[in-house]
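Colleague: coordinates only, no sequence provided:
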């Protein structure tokens, strides 16, 4: 499975971005995996921020983004989205999507990683 993130960029505090994670190339298809979004700021460890189970059965968020970020998936397009609103400088980092070997959240056993997309929140 190949995962390709896009949608990162520079945004002012309080602004919004929508990240996309396009999946392709596996059997079973990407609709069979729980997908998570992670981020890594300079000098810190990678942290999970959101997860969505197959069939959008359930979602899960870290406390730091709950109420501001929304994860969704469109299996017809093999794409998972992360809508990020009311962004803060602390949200700055490289954002990665990942596919878990399991079908439901939480993400515990990543089988595939994307290459990441940079998000910079700054005035």
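Modeller: Perfect, I can see it now. Values in this document were obtained by computation on a predicted structure and should not be read as measured data.
Colleague: what sits against the spatially closest residue to residue 110 that is not a sequence neighbour?
Modeller: Nearest-residue entry for residue 110: residue 98, 4.5 Å, with adjacent residues in sequence omitted and distances by Cβ to Cβ, 6 or more residues apart in numbering. Glycine gets a C-beta too; all of them are placed from N, C-alpha and C. Residue 98 sits next to 3, 35-38, 107, 110, 112-114 when contact means Cβ atoms under 8 Å, 6 or more residues apart in numbering.
Colleague: so who does the closest residue to residue 41 other than its chain neighbours touch?
Modeller: Spatial nearest neighbour of residue 41, chain neighbours left out: residue 93 (4.0 Å); criterion: Cβ to Cβ, 6+ apart. Residue 93 makes contact with 39-42, 44, 118-119 under the criterion Cβ under 8 Å, 6+ apart.
Colleague: out of those residues, who's nearest residue 52?
Modeller: Minimum distance to residue 52 across those is 15.8 Å, recorded for residue 39 (Cβ to Cβ).
Colleague: remind me which helix or strand residue 119 belongs to.
Modeller: Using DSSP states H and E, the element containing residue 119 is strand 117-121.
Colleague: what's in contact with that strand?
Modeller: In contact with strand 117-121 (Cβ under 8 Å, 6+ apart) are residues 5-13, 15, 17, 19, 39, 84, 87-95.
Colleague: picking up where we left off before, so which of the contacts of residue 93 are in strands?
Modeller: Counting by DSSP state E, these place 39-40, 118-119 in strands.
Colleague: most neighbours, which of those residues?
Modeller: Of all those, residue 39 has the most neighbours under the rule other Cβ atoms under 10 Å, reaching 24 neighbours.
Colleague: just checking, it touches residue 45?
Modeller: No: using Cβ atoms under 8 Å, residue 39 is not in contact with residue 45; the gap is 10.3 Å.
Colleague: in this protein, which residue is closest to the centre?
Modeller: For the chain, the residue nearest the mean C-alpha position is residue 37 (2.5 Å; Cα atoms, centre = their mean).
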